[in-house]
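> dropping a prediction and its sequence here:
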Amino acid sequence: MTTFDYAPALESRTIVTIDPQYGHFINGSFTKGSNHFASINPSDETVLSHIALGSAQDIDTAVDAARVAYESVWSKLSGKERGKYLYRIARILQERAREFAVLESLDNGKPIRESRDVDVPLAAAHFFYHAGWADKLDYAGMGNSPRPHGVAGQIIPWNFPILMLSWKIAPALAAGNTVVLKPAETTSLTALLFAQVCQQAELPAGVVNIVTGDGSTGAALVEHPGIDKIAFTGSTEVGKAIARAIAPTKKKATLELGGKAANIVFEDAPIDETVEGIVNGIFFNQGHVCCAGSRLLLQEDVAEEVLSKLKVRMAKIRVGDPLDKNTDLGAINSSEQLLKIRDLSKSGDDEGAERWSPPCAVPEKGFWFPPTIFTGVTQAHRIAREEIFGPVLSVLTFRTPQEAIEKANNTPYGLSAGIWSEKGSRILWAAGQLKAGVIWANTFNKFDPASPFGGYKESGWGREGGRHGLTAYLKDAESNNE
Ligand code: NAP
Ligand code: MG
């Protein structure tokens, strides 16, 4: 078979200006901030900028600004007027799309192909979609004149920085809330660029506030008495801590947590398409995806064929510079995450699963992990139960459809699942049995702002996106969240 080498096709980074140091974005302007820490490029470990560590005092100032903006401006605007600001933000995100995509790839390590074609367009789509809702809330069957909660505290992870920001801010603003958002420690830069977009859109001061920092900053936000609603995306562990912290209060919360999705391949699946779907399911965004198809369940009759084709396909995955337009798999976001992936993979070796990766040279500097599969995995193995959050696939087999469902549901999580089969009846049967918030059939990792997203069990509370997601930002709205 002929293979082609690709000449590098680097996206230029000159479109992006990164300040050496940033403060917080509070009440419409940037503060100086203090206790700055370095934000690095995970593909080469160079320092990109210095980010301010938000204190409880910074959170307090930001929550006050959000409260004043809520009471004096935002809650007084009509839905139509709020919608205009959201449309404006959406259009600016489109106009500055390349800037956002390059900055996201620099700060996060994800391939430019993905930040350019997925993260940034979807972020803009979330603002467009919710802009359209702002003046229709009274007529959507969400109860009598649904009202906003007030000030929302929002905390997001590092895997989809600008996209998670838009999932949080767009519905909150459309529903009439003001927000204080804390980005993840390792990926604050696109949130700070978004703050500039708010200024450019002339969004009234205090409607959006961004306080950077670490877990302690997030905890201060959760505990602040001026917060009416918490929206969190991150690990199940921190989600549980947040649930405990707000239990004695009247704060509302939505929690989007972890996952360990089953991607189920039945014997009648279209094999070539399925192999593409498996690759997309686990190697998209280096596997740093809460809904990743990280447990592959293969029906025994086709297991050998699927695995041999999967290995051929995996050998073509190009690992390397995130800014190279040919790159399929970029850098792991942080050294901590790389250690976690290595540790869980080692447990796979120790517990008797068989590891395979294609020959693949990774750069010397930076944080890298090759695309990896483990075969011979059993339900008892840690790699079948725990979220690896990296480019590592655990492969299990099954004999009967019922066994596939039992294995798929045998997890504390329930965020997503995939079904591959040519028979519509089998797909509908399996979808009805699976305990997962999102189920894809003959595709994987497809997202749309109109489609609610969220989990069962330890994958979280509530939904984001669509009409369901909006209800979480409205008082007394009829929710249908589970
Ligand atoms: P994480 O450690 O839970 O962090 C998420 C966010 O919470 C970060 O901004 C983090 O700040 C902050 N934080 C940490 N400790 C906190 C505390 N005690 N109180 C309040 N906030 C706190 O999760 P991660 O490792 O960044 O992200 C990976 C996890 O997110 C995975 O488990 C993944 O499945 C999940 N995830 C879920 C979804 C979903 O929609 N369900 C989407 C994406 C990711 P620092 O970054 O500064 O520590
Ligand atoms: Mg970074």
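Thanks, I have the structure now. Ligands and ions are numbered 1, 2, ... in the order given.
> C-alpha only now, for contacts and for neighbours.
Noted.
> what is the burial count for the residue of the stretch 1-150 of the chain at minimum distance from ligand 1?
Taking C-alpha to the nearest ligand atom, ligand 1 has its nearest neighbour within the stretch 1-150 of the chain at Leu53, 9.1 Å off. By other C-alpha atoms under 10 Å, the residues close to Leu53 number 22.
> does it count as helix, strand or coil?
coil (DSSP: H, G, I helix; E, B strand; the rest coil).
> what does Asn280 give?
In three-state terms, and counting by three-state DSSP, Asn280 is helix.
> report pLDDT for it.
For Asn280, the pLDDT comes out at 98.
> can you name the residues bridging to Pro148?
Applying DSSP bridges to Pro148 gives these bridge partners: Leu474.
> residues contacting the residue positioned nearest the centre of the chain?
The centroid of the chain falls nearest to Phe160 when counting by C-alpha atoms, centre = their mean (4.4 Å). Residues near Phe160 by C-alpha atoms under 8 Å, 6 or more residues apart in numbering: Asp119.
> try Gly176
Contacts of Gly176 by C-alpha under 8 Å, 6+ apart are Trp74, Ser75, Gly79, Arg82, Ala134, Arg147, Pro148, Gly150.
> could you find the closest non-adjacent residue to Pro363?
Spatial nearest neighbour of Pro363, excluding adjacent residues (C-alpha to C-alpha, 6 or more residues apart in numbering): Gly320 at 6.8 Å.
> the one you found: how many residues sit nearby?
Counted with other C-alpha under 10 Å, residues neighbouring Gly320 total 23.
> thought it was touching Val362?
Yes - with contacts counted by C-alpha atoms under 8 Å, Gly320 reaches Val362, the gap being 6.5 Å.
> those residues of the stretch 151-300 of the chain touching ligand 2, which are they?
Proximity of the stretch 151-300 of the chain to ligand 2, by C-alpha under 5 Å from the ion, involves residues Thr186, Thr187.
> figure out the length between the terminal residues of stretch 127-143.
Counting by C-alpha to C-alpha, to the nearest Å, you get 23 Å between the two ends of stretch 127-143.
> ditto for stretch 373-385
Length of stretch 373-385, first residue to last, C-alpha to C-alpha: 15 Å.
> going forward can the numbers begin at 667, since that is how I track them
Sure thing, new numbering starts at 667, so read that last one as stretch 1039-1051.
> pull out the buried positions in that stretch.
Using 16 or more other C-alpha atoms under 10 Å as the test for burial, stretch 1039-1051 gives Ile1039, Phe1040, Thr1041, Val1043, Thr1044, His1047, Arg1048, Ile1049, Ala1050, Arg1051.
> where do the strands of the stretch 967-1116 of the chain begin and end?
Ranges of strands in the stretch 967-1116 of the chain, per DSSP state E, counting those that start in this stretch, are 1020-1022, 1038-1041, 1058-1064, 1082-1086, 1104-1107.
> for the stretch 767-916 of the chain, same thing?
So, for the stretch 767-916 of the chain - with DSSP E, counting those that start in this stretch - the strands run 813-814, 817-821, 844-848, 874-876, 895-899.
> how far away is Thr712 from Thr852?
Counting by C-alpha to C-alpha, the gap from Thr712 to Thr852 is 13 Å.
> the two: who's more crowded?
Legend: neighbour count by other C-alpha under 10 Å for Thr712 and Thr852, higher for Thr852 (24 against 14).
> if you drop the residues flanking it in sequence, what lies closest to the more buried one?
Spatial nearest neighbour of Thr852, chain neighbours left out: Ser705 (5.9 Å); criterion: C-alpha to C-alpha, 6+ apart.
> is the helix or strand the one you found falls within positioned near ligand 1?
Per DSSP states H and E: Ser705 is located in strand 703-706. No - shown here: strand 703-706 not in contact with ligand 1 (C-alpha under 6 Å from any ligand atom), separated by at least 11.0 Å.
> where in the chain is pLDDT low?
667-670, 1144-1148 (pLDDT under 70).
> would you mind giving the strands of the stretch 967-1116 of the chain as TSV with distance to Asp783 added?
Below are those laid out as TSV (distance: least, C-alpha to C-alpha, whole Å):
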stretch	distance to Asp783
strand 1020-1022	29
strand 1038-1041	24
strand 1058-1064	23
strand 1082-1086	22
strand 1104-1107	20
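> highest mean neighbour count out of the ones you listed?
strand 1082-1086 (a mean of 28; mean count of other C-alpha atoms under 10 Å).
> how near is Glu1124 to Lys1089?
Relative to Lys1089, and taking C-alpha to C-alpha, Glu1124 is found at 31 Å.
> surely Ala927 touches Ala958?
Yes - counting by C-alpha under 8 Å, Ala958 is a contact partner of Ala927 at 6.2 Å.
> quickly list what's touching both of these two.
With C-alpha under 8 Å, 6+ apart, Ala927 and Ala958 have common neighbours Ser1082.
> give me the more crowded residue out of the two.
Taking neighbours as other C-alpha under 10 Å, Ala927 and Ala958 compare with Ala958 leading, 34 against 29.
> need the contact list for that one.
Gly925, Lys926, Ala927, Gly947, Ile948, Ser1082, Asn1111.
> checking the residue lying closest to Asp967 once chain neighbours are set aside next. Helix, strand or coil?
Leaving aside its sequence neighbours, Asp967 sits nearest to Glu933 (C-alpha to C-alpha, 6+ apart; 6.3 Å). Glu933 falls in the coil class when you classify it by three-state DSSP.
> OK, contacts around Glu933?
Taking C-alpha under 8 Å, 6+ apart as the criterion, Glu933 is in contact with Leu964, Gln965, Glu966, Asp967, Val968, Ser1087.
> try Ile717
Taking C-alpha under 8 Å, 6+ apart as the definition, contacts of Ile717 comprise Gln687, Tyr688, Gly689, His702, Phe703, Ala704, Ser705, Ser854, Thr878, Gly879.
> re the thing from before, so if I had to pick from Glu1124 and Lys1089, which one is more boxed in?
Each of Glu1124 and Lys1089 has its neighbours counted (other C-alpha under 10 Å); Glu1124 has more, 21 against 12.
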